[in-house]
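Peer 1: just coords:
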Ligand SMILES: [Fe+2]
C-alpha cells in the first residue's frame, strides 16, 4: 500500500521529535502494510523560504533513508511536502522541489484561517495553471465548506484536483457517513494516514480501508488504493 500524506521526518514540523520517534513511526507504517510513503512535512509558504525548507527536508530525508537501511525496513520513501497555500507561491520559479518526487503532483493544504472557498479555489487554480501541476487537496474532511458542500468538492475535481481525506475521519460516525457517501459518488480520490506520531495520529490506513470495504465495497477500496499508488 502507498501512503501519500505522512509526517515522518524528525524535528522539522509537528511530526516526530527525534530520529528514534521517526524510526518507531516507520516501523508502525510497515506493520500497517505500507510499502511506499510520500514524506509530506509541513511547508508554510507564507512564512518560510522555499529553499530553506527544501534544504532542511532533504537533510532529514537522508537520515530517514539511513534509518530504513540500517533497520531493514521494507518501505520506499519519496520526497514531498504538505504546502500551506499563500499567494506568495505565485512568485516561485518552480514548484518542482515540493512536488511528489519525480512527478507534477503537489499536496496543498488550505489555510484554516482563510475559510473562504472562492478565494482559495481561485488561488489553487492559479497555482495549477502557472506551474502545470496537479493539486492534491489535503484532508477535505477538515473544512466545513468542503465536506458539507459536495458542490465545492465537485468544482475542485472538475478543475483537475485530486481529493484526499485523512484515515482518522472514519473514527467519527458523523464524518464516516458523509465521507462514505462521497466515496460512493466518486468524489473522494485518496485516503491517507497523515500520521504524525504513535499516540493520537498514528498510521491507520489498513483499518480505514477495511471499514470502507464494509460500507462501500471492495471495488471502492481497489480504486482508492490504485489512485494513491498512481500519484508517485
Ligand atoms: Fe498533514
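Peer 2: Sure thing, it's come through. If you're wondering where the values come from, they're calculated on a predicted model, not measured in any experiment.
Peer 1: what about the residue nearest to residue 32 when sequence neighbours are not counted, which SS state?
Peer 2: Spatially, and ignoring its direct neighbours in sequence, residue 32 is nearest to residue 203 (4.3 Å; Cβ to Cβ, 6 or more residues apart in numbering). Bear in mind the C-beta positions are built from the backbone N, C-alpha and C, glycine included. Put simply, residue 203 is coil when judged by DSSP: H, G, I helix; E, B strand; the rest coil.
Peer 1: check the gap between residue 203 and residue 33 for me.
Peer 2: Noted for residue 203: a distance of 9 Å to residue 33, by Cβ to Cβ, to the nearest Å.
Peer 1: and the two? Which one has more around it.
Peer 2: Neighbour count, other Cβ atoms under 10 Å: between residue 203 and residue 33, residue 203 has more, with 27 against 12.
Peer 1: can you tell me which residues contact the residue in the chain sticking out farthest from the centre?
Peer 2: Distance from the C-alpha centroid of the chain, by Cα atoms, centre = their mean, peaks at residue 70 (26.5 Å). If you count contacts by Cβ atoms under 8 Å, 6 or more residues apart in numbering, residue 70 has none.
Peer 1: so what's the residue count around residue 93?
Peer 2: 8.
Peer 1: how near is residue 137 to residue 191?
Peer 2: Relative to residue 191, and taking Cβ to Cβ, residue 137 is found at 13 Å.
Peer 1: mind listing the shared neighbours of those two?
Peer 2: residue 164.
Peer 1: follow-up on the earlier one: hang on, the residue nearest to residue 32 packs against residue 26?
Peer 2: No: contact criterion Cβ atoms under 8 Å: residue 203 and residue 26 do not qualify, at 9.3 Å.
Peer 1: that older thread, for the residue farthest from the centre of the chain, give me the pLDDT.
Peer 2: Looking at residue 70, its pLDDT reads 97.
Peer 1: burial count for residue 53?
Peer 2: So residue 53, with other Cβ under 10 Å, has 21 neighbours.
Peer 1: pretty sure it sits against residue 43.
Peer 2: Yes: counting by Cβ under 8 Å, residue 43 is a contact partner of residue 53 at 4.9 Å.
Peer 1: ok, residue 153 touching residue 163?
Peer 2: Yes: contact criterion Cβ under 8 Å: residue 153 and residue 163 qualify, at 6.0 Å.
Peer 1: which residues do the two both contact?
Peer 2: Counting by Cβ under 8 Å, 6+ apart, the shared contacts of residue 153 and residue 163 are 140, 187.
Peer 1: buried residues in stretch 31-38, which are they?
Peer 2: 32, 34, 36-38 (16 or more other Cβ atoms under 10 Å).
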